[in-house]
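1. Here you go, sequence then predicted model.
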Amino acid sequence: MSECTHVAELPRPEPVPSAQTCAECLAVGSHPVQLRICLGCGHVACCDSSPFRHATAHHHETGHPIVRSFEPGETWRWCFVDGSIV
């Protein structure tokens, strides 16, 4: 895993999750494949394997750089800006 400058900018503690699933998927009648939580604000959204890629859309809308897997037992984080696991 590599470090990026965005990790140091993350709020501590992590934000509270906004939901337990992708609200955008529910609104359009879709099913999220896997979930991610935005470590900038706590927004929970679906991954790029989901039809609507809401986590990536959230990054493009807000500029929040890092998400963490919101799947049970997974703790990895991804920086959209650096394109790497952090």
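-> Yep, it's here.

2. Going by C-alpha atoms from here, please, whenever you check contacts or count neighbours.
-> Fine.

3. Same question for the longest helix seen in the chain: list its buried residues.
-> Ranked by residue count, the top helix of the chain under DSSP state H comes out as helix 54-62. Buried residues in helix 54-62, counted by 16 or more other C-alpha atoms under 10 Å: 54-56, 58-59.

4. For it, the averaged confidence score.
-> Helix 54-62 comes out with an average pLDDT of 98.

5. what does stretch 68-80 give?
-> The model assigns stretch 68-80 a mean pLDDT of 97.

6. swap in stretch 18-37?
-> Rounded mean pLDDT across stretch 18-37 is 96.

7. how far does it stretch from start to finish?
-> 9 Å (C-alpha to C-alpha, to the nearest Å).

8. What of stretch 29-42?
-> So stretch 29-42: terminal residues 22 Å apart, C-alpha to C-alpha.

9. Check stretch 76-86 too.
-> First residue to last in stretch 76-86 (C-alpha to C-alpha) measures 7 Å.
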